[in-house]
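Asker: based on what follows, work out the 3D shape:
(chains A and B)
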Amino acid sequence: MIGLVVIAQAVGQAPVERFVNALGSGLALGAIYALLALGFVIIFKATQVVNFAHGGIAALGAYLVSYFATVSNIPGRWMGDISVTLQWTLSALVALGVMALIGIVIERITIRPMIGEPLFAVAMITLGLDLIIRTTTNDFMNNTTQGLGDPWGVKVIEIGVLRIAQTQVVTIVVLLVTSLVLAWFFKTRTGLALRATAFDQEVAMAQGISVGKVFAIAWAIGAGLAALGGIFSSVAPRGAGVDPFTALIAFRAFPAIIIGGLDSIKGAVIGGLLVGVAEVVAGTYLGGVAWLGIGFGGIVPWLLMMIVLLVRPYGLFGTPEIRRV
Amino acid sequence: MLQVANLEVVYRDVILVLRGLSLEVREGQIVALLGANGAGKTTVLRAVTGLLDIHEGEVTKGSVTYNGEEIHHKDASQIVKGGIAQVMEGRRVFAEMTVDENLRTGAISNKDSANVKEAYARVMELFPLLSTRRKDTAGYLSGGEQQMLAIGRAMMANPSLLIFDEPSLGLAPMLVAQIRDTIVEINESGTSVLLIEQNAKMALSIADYGYIMETGKVVMNGDAETLLADDDVQEFYLGLHSEGGGRKSFRDVKHYKRRKRWLS
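Answerer: Below is the predicted model of the structure:
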């Protein structure tokens, strides 16, 4: 579907314009992947859990925004006269807060009791969780598409030859801000505790770090970031709203996670952007090549992942050997 | 201050590692815990610092009390807050972090920022070398520097009891001497020390009191001087032979082991 949109955009553009637009659009898609990958990597690094419920969490987050912004107007109903943008942003923030709480609850109930059990068993639990969260979310939205009521809609910004949707600019800005906040966070006391636990759990405990708290914080952040990714993949031009297929975005972000190296924060951002750009650029230039078929862009991330894995089996920035598994 | 009484530890419900071990560290002392590989020294450390859980170990008998309070059921972070810190075997610094960040992780349990600053100043005073490498990545430090960093990190928690697990392991003799002096210095400024070592000579040269462990039990204990002078200790832990006798035969060795078990 995305491939088709890109082709429609690309028809009748000058070469430079075509490339610049593909790049802009690619970076925006990459930013979504990067947000999802960041959440995934933070959870994996801190708790060694491969979180297959990431897609479900992303979709639930997007749905909550839709609910808070369009159905119940929380917290706008108590705020009096405020602008649409502010009202929506606040709703989104409330949804993110709720998602962080849900992340903590998921960790406490399903992950904490499994500490020390085989990773495979824990991965299966997250897979089950994904099904539960997705089914419940689908039920909430009656298996239809629910608009998020974002203030940007399909409005476009033109910078020179670059035509880019406002939401895409917002996505890129959000990724930038998130990366900066995370970079700052990892220098704080709590961030240090997180890094210490990720590096060596036993030593972290020996320093008096409460590993349980670290796990909870990692899941809160991870769920929040997943929700961010879910939100931006449910607004124009990526989608008309949150629907039963929104959760699949996490699988499309998977190549980004692997290319970045599974346990690297920097890798998640760079991998995400790389995959996004590759996908859209390939869609733009190869989408019309008949023998490749329609939607070739969609498999480029996976091809890219295979190539990267052949050269660097642990991803671009990953640790050569994941210890203490 | 620290009392370990009749401690029994079992791993994975079947492997009995400590069988009724008792020892005591008094305020202001350096106490050495000696023993060969596999004697259970590190298990003692884990039992005291709340790290048995993640190794699937469990205290099945006996107790660990610190300042009159039972601590063997507490978790690691509470024990650090209670004043026991450790320098783990093999240094185990956070290789991806800088020296400063490593030190800050050591102070995470310490919420009193004035106190943390004090501890930091003290670490810099103890290890002037670290102050020149504050922004360097810990993984690129040499073995000796990493050991200093590991000790500094433990000191950041401002402990009243500091436990060292094989601090001399893998270090050149000169560095061993340096670490030994550091331990004495730390002790003189008021921190009690439990020194777990294979290097009996180094440990006993600074300890007030010593325990020798074998297969999960204390087989011998006494003042450091007494232990240093003991013939059996000299032969088995210091590698010295009693005068004139030459090397004892294997039969004597076996006899020694049996005798020692009855003694305890």
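Asker: show me where the chain has its helices.
Answerer: This is for chain A. Secondary structure of chain A (DSSP state H): helices located at A:2-10, A:15-47, A:54-66, A:84-106, A:119-140, A:166-185, A:189-199, A:201-206, A:211-232, A:249-260, A:265-286, A:300-311.
Asker: the chain in question should be chain B.
Answerer: Using DSSP H, helices in chain B cover B:41-49, B:76-81, B:99-106, B:113-126, B:128-131, B:143-155, B:173-188, B:200-206, B:224-229, B:231-237, B:250-263.
Asker: B:Q78 is nearest to which of the helices of chain A?
Answerer: helix A:201-206 (10.9 Å; C-beta to C-beta). Bear in mind the C-beta positions are built from the backbone N, C-alpha and C, glycine included.
Asker: the closest one packs against which elements?
Answerer: Here helix A:201-206 touches helix A:189-199, helix A:211-232, helix B:76-81, going by 3 or more C-beta pairs under 8 Å, 6 or more residues apart in numbering or on different chains; DSSP states H and E.
Asker: any idea how far the first one is from the chain center?
Answerer: Using C-alpha atoms, centre = their mean, to the nearest Å, the mean C-alpha position of helix A:189-199 is found 22 Å from that of the whole chain.
Asker: C-alpha coordinates for that helix, PDB please?
Answerer: The C-alpha coordinates for helix A:189-199 follow below in PDB (Å, rounded to 0.1, in the frame of the first residue of the first chain):
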ATOM      1  CA  ARG A 189      21.400   8.300  38.000                       C
ATOM      2  CA  THR A 190      18.500   6.100  36.900                       C
ATOM      3  CA  GLY A 191      19.900   5.900  33.400                       C
ATOM      4  CA  LEU A 192      23.200   4.700  34.800                       C
ATOM      5  CA  ALA A 193      21.400   2.100  36.800                       C
ATOM      6  CA  LEU A 194      19.800   0.900  33.500                       C
ATOM      7  CA  ARG A 195      23.100   0.800  31.700                       C
ATOM      8  CA  ALA A 196      24.800  -1.000  34.500                       C
ATOM      9  CA  THR A 197      22.100  -3.600  34.700                       C
ATOM     10  CA  ALA A 198      22.200  -4.000  30.900                       C
ATOM     11  CA  PHE A 199      26.000  -4.600  31.000                       C
END
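Asker: do it and chain B meet at all?
Answerer: Yes. Using C-beta under 8 Å from any C-beta of the partner chain, we find that helix A:189-199 touches chain B at A:189, A:192-193, A:195-196, A:199.
Asker: in that helix, what's buried?
Answerer: A:191-199 (16 or more other C-beta atoms under 10 Å in any protein chain shown).
Asker: export these as CSV, with columns for distance to B:R180 and pLDDT.
Answerer: Listed next are the buried residues of helix A:189-199 as CSV, based on distance: C-beta to C-beta, whole Å; pLDDT from 0 to 100:
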residue, distance to B:R180, pLDDT
A:G191, 36, 95
A:L192, 30, 95
A:A193, 32, 95
A:L194, 35, 94
A:R195, 32, 93
A:A196, 28, 94
A:T197, 32, 93
A:A198, 34, 91
A:F199, 29, 90
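Asker: tell me the one among these nearest to A:Q166.
Answerer: A:G191 (31.9 Å).
Asker: isn't the closest one up against A:A183?
Answerer: No. Using C-beta atoms under 8 Å, A:G191 is not in contact with A:A183; the gap is 9.2 Å.
Asker: picking up where we left off before, out of the helices of chain B, which gets the lowest mean score?
Answerer: Mean pLDDT per stretch puts helix B:250-263 lowest among the helices of chain B, at a mean of 50.
Asker: number of nearby residues for residue 143?
Answerer: No chain in the question, so chain A it is. If you count neighbours by other C-beta atoms under 10 Å in any protein chain shown, A:N143 ends up with 10.
Asker: the intended chain is chain B.
Answerer: 14.
Asker: please apply the same query to B:E235.
Answerer: Around B:E235 there are 18 residues (other C-beta under 10 Å).
Asker: for the one residue in the stretch 1-150 of chain A that gets nearest to chain B, grab phi and psi.
Answerer: Nearest residue of the stretch 1-150 of chain A to chain B, counting by C-beta to the nearest C-beta: A:G116, 7.0 Å away. Main-chain torsions, A:G116, degrees, to the nearest 10: phi 90, psi -10.
Asker: for A:I172, see how far away it is.
Answerer: A:G116 sits 40 Å away from A:I172, going by C-beta to C-beta, to the nearest Å.
Asker: now A:S210
Answerer: 36 Å.
Asker: so B:N221 versus chain A, what's the distance?
Answerer: 26 Å (C-beta to the nearest C-beta, to the nearest Å).
Asker: and what of B:E166?
Answerer: 14 Å.
Asker: quick check: closest non-adjacent residue to that residue.
Answerer: Excluding the flanking residues, the one nearest B:E166 by C-beta to C-beta, 6 or more residues apart in numbering or on different chains is B:E89, at 4.6 Å.
Asker: what residues are up against the closest residue to chain B within the stretch 101-250 of chain A?
Answerer: Taking C-beta to the nearest C-beta, chain B has its nearest neighbour within the stretch 101-250 of chain A at A:G208, 2.9 Å off. Going by C-beta atoms under 8 Å, 6 or more residues apart in numbering or on different chains, A:G208 touches B:76-77, B:79-81, B:85, B:108-110, B:157.
Asker: end-to-end on stretch B:219-233?
Answerer: End-to-end distance of stretch B:219-233 (C-alpha to C-alpha, to the nearest Å): 11 Å.
Asker: could you check how far that stretch is from the centre of its chain?
Answerer: Worked out by C-alpha atoms, centre = their mean, stretch B:219-233 lies 18 Å from the chain centre.
Asker: is it correct that A:T178 is in contact with A:L35?
Answerer: Yes. A:T178 lies in contact with A:L35 (C-beta under 8 Å); the separation is 6.6 Å.
Asker: which residues touch the residue lying closest to A:G30 once chain neighbours are set aside?
Answerer: Once flanking residues are discounted, A:G30 sits nearest to A:G276: 2.3 Å by C-beta to C-beta, 6+ apart. For A:G276, the contacting residues are A:26-34, A:256, by C-beta under 8 Å, 6+ apart.
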